[in-house]
Structures are given as C-alpha cells and as structure tokens.
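Asks: Please work out how this folds:
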Amino acid sequence: MEEGVYSSSRTDNMGKKGKKLARKVEPFEFKQCVSILKSTGRHARNLSQMRQVISTIGDESIFHHVYQYFLKGHIFEYTNDFAHWAGETLEQRALAERLSNIDPYTFKSVNGVRKELIRVIDEFLKEFPRPLDVVEGNEFYFVQTVSLVFPSGIKTKNLAEFLVAIDHIDPTSIYYHFYDSRVRLGEGMVDDFSRWIEHTLFRKELADRIRDIDPFMHSIERLRTHIKVIVGEQVRADMEGVVI
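Replies: Numbers count the residues shown, from 1 in each chain. The predicted structure follows:
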C-alpha cells in the first residue's frame with residue numbers, strides 16, 4: 001500500500017476480454033498550510049486612520065484580515081477583523097454589520113474587497129464625520145501572513161477514500177483547499193475539492209453540490225460536516241446503484 005493513501009480493493013471492469021483493470025486516476029493530494037504572522041508596522045487609532053491604511057496597505061494584509069478570519073476561531077457575529085474591531089472596540093454595531101455583509105468571495109480580486117471596505121467606511125464617515133480615538137492599547141494593528149504550504153501525506157483515489165480522509169484532515173487543509181483556493185485559482189466559486197471531483201472523477205453534479213456550499217456562511221468544521229454529508233450520500237448511492 002502506498003504510504004499516506006487510503007486504499008480500496010474495488011477495480012473497474014474494463015477491456016474487451018472483461019479483464020478487471022484499475023483505471024488510473026490522478027489522486028487528490030491533501031495539503032496543509034501554516035500561516036506566520038508578520039507585522040506591517042502600521043496601525044489605526046480611529047476609523048479615519050483605518051480607512052487611510054486600508055487604501056494603501058498591501059494585498060497580503062487585506063487578505064489576512066478578511067479571508068483568513070475563518071482560521072481564527074472567532075464567534076461568527078462578524079466575518080472579518082475590520083468588522084470585529086468596529087463592533088467590539090469602536091462599539092459601532094451598525095458599521096460592524098455593514099462590514100460583515102461584505103462577502104469577499106463575490107469579488108474577483110483582493111483589491112475589489114479593498115474598494116468595498118473603503119466604500120462602506122466612507123458612507124459611515126459621511127454620517128459620523130468625527131470619529132473618536134480609541135484608548136491606548138486598543139488600536140487596530142495591521143498584519144500580514146506568510147503562508148507555508150506542505151503535503152499532509154494523505155492522498156485519495158476515489159470518493160470512498162476521500163470521505164474517510166475529509167473526516168480526519170487538519171482544519172488548515174480544509175481552509176487551503178476550499179477557502180484559499182477560491183482566491184488562489186482565480187476562478188470564482190471553484191475550489192480544489194470540486195475541481196478534482198469534476199475533472200478527475202468526472203462527477204460534475206457532485207462537484208456542483210460541493211461548489212454551491214457558501215464559504216461565507218460556514219465555519220471550517222461546519223464546512224467539513226457539509227462535505228461529509230454530500231460525499232457520503234453519493235458513496236452510499238454508488239454502492240446501492242442509486243442515481244442522485
């Protein structure tokens with residue numbers, strides 16, 4: 001057995017003479033990522049300063065504070081660090097709600113998210129043009145991450161193996177393959193899981209069901225559960241010869 005591969009003895013019936021030959025499938029290799037925080041040296045004491053820094057800070061910082069929020073285990077009253085700071089530190093619940101309504105996965109680039117953040121803040125500053133400074137120690141500190149990606153040692157060749165693996169892989173692996181990939185691949189709603197299922201296993205309907213899971217609405221563990229349910233239904237249907 002190949003190390004790190006969940007094996008299955010099932011073979012496909014192929015060939016004119018009825019010989020059972022295993023169809024060669026490119027395995028899905030699960031990867032993990034580790035994010036190392038790096039200070040940008042920039043911070044904001046009030047909303048106007050935050051707006052100014054957002055407009056000029058690098059994409060890596062915006063990516064961290066918005067897209068990687070899902071890695072931090074926060075209570076999902078908010079959906080990004082900017083909304084969290086607005087709600088918990090500035091105590092501007094209306095602003096926090098508006099910032100939380102920004103779905104980063106509807107934008108084609110990080111810069112698109114940046115522009116939307118600025119638009120929302122600008123609208124709020126028109127209503128409240130004199131933002132107060134926070135007390136010392138409560139400033140918003142802009143950071144960015146350096147992501148290290150490495151193989152997890154787990155590969156899967158079919159849906160049954162994939163189902164076993166998805167139940168045990170590290171949360172950072174789910175983040176990398178489902179959340180990060182939607183930005184990394186530059187294909188909008190396409191993620192690594194559904195891409196492999198569609199283009200390697202040729203199961204487009206199943207791929208579409210996974211692709212339709214909204215990353216904006218789920219924590220990593222809830223996402224894991226959704227994928228397990230969807231793939232599990234398909235595996236059982238395949239075993240019973242049922243079309244779903």
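Asks: Check whether the residue nearest the centre of the chain sits in a helix, strand or coil.
Replies: In the chain, the centroid-proximal residue (C-alpha atoms, centre = their mean) is Tyr179; its distance is 1.5 Å. Put simply, Tyr179 is helix when judged by DSSP: H, G, I helix; E, B strand; the rest coil.
Asks: so who does it touch?
Replies: Applying C-beta atoms under 8 Å, 6 or more residues apart in numbering to Tyr179 gives the contacts 67, 70, 191, 215, 220. For glycine as for every other residue, the C-beta is placed from the backbone atoms N, C-alpha and C.
Asks: Ile210 is in contact with the third one, correct?
Replies: It refers to Asp191. Yes. Asp191 is within contact range of Ile210, at 7.3 Å (criterion: C-beta atoms under 8 Å).
Asks: Which one's more surrounded, these two?
Replies: Asp191 (24 against 21; other C-beta atoms under 10 Å).
Asks: quick one, phi psi at the more buried one?
Replies: phi -120, psi 170 (degrees, to the nearest 10).
Asks: could you measure it against Pro215, distance?
Replies: 8 Å (C-beta to C-beta, to the nearest Å).
Asks: residues shared between the contacts of those two?
Replies: Overlap of the contact sets of Asp191 and Pro215 (by C-beta under 8 Å, 6+ apart) consists of 178-179, 182.
Asks: Show me what the top helix by length along the chain packs onto, helices and strands only.
Replies: Ranked by residue count, the top helix of the chain under DSSP state H comes out as helix 220-240. Using 3 or more C-beta pairs under 8 Å, 6 or more residues apart in numbering; DSSP states H and E, the elements in contact with helix 220-240 are helix 159-166, helix 171-174, helix 204-211.
Asks: who touches Glu29 in this structure?
Replies: Contacts of Glu29 by C-beta under 8 Å, 6+ apart are 151-152, 154-155.
Asks: switch the cut-off to 10 Å
Replies: With contacts defined as C-beta atoms under 10 Å, 6 or more residues apart in numbering, Glu29 is in contact with 4-5, 151-156, 177, 192, 196.
Asks: any chance of these in TSV, with secondary structure, distance to Asn80 and pLDDT too?
Replies: Output for the contacts of Glu29, formatted as TSV (DSSP: H, G, I helix; E, B strand; the rest coil; distance: C-beta to C-beta, whole Å; pLDDT from 0 to 100):
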residue	secondary structure	distance to Asn80	pLDDT
Gly4	coil	35	49
Val5	strand	37	46
Pro151	strand	30	94
Ser152	strand	27	94
Gly153	strand	32	94
Ile154	strand	30	96
Lys155	strand	33	96
Thr156	strand	32	97
His177	helix	21	94
Asp192	helix	23	95
Trp196	helix	29	97
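Asks: any shared contact partners between Asp191 and Ile210?
Replies: Contact with both Asp191 and Ile210 is made by residues 178, 197, according to C-beta under 10 Å, 6+ apart.
Asks: count of neighbours near the closest residue to Phe150 other than its chain neighbours?
Replies: Of all residues not flanking Phe150 in the chain, Gln32 sits nearest, at 6.1 Å (C-beta to C-beta, 6 or more residues apart in numbering). For Gln32, the count of nearby residues is 20 (other C-beta under 10 Å).
Asks: Next, count neighbours for Arg222.
Replies: Counted with other C-beta under 10 Å, Arg222 comes out at 12.
Asks: Per-residue pLDDT of it, please?
Replies: With respect to pLDDT, Arg222 scores 89.
Asks: Please apply the same query to Phe28.
Replies: 97.
Asks: quick one: it and Asp208, what's the gap?
Replies: Relative to Asp208, and taking C-beta to C-beta, Phe28 is found at 17 Å.
Asks: more neighbours, these two?
Replies: Neighbours were tallied for Phe28 and for Asp208 using other C-beta under 10 Å; the higher tally belongs to Phe28 (22 against 13).
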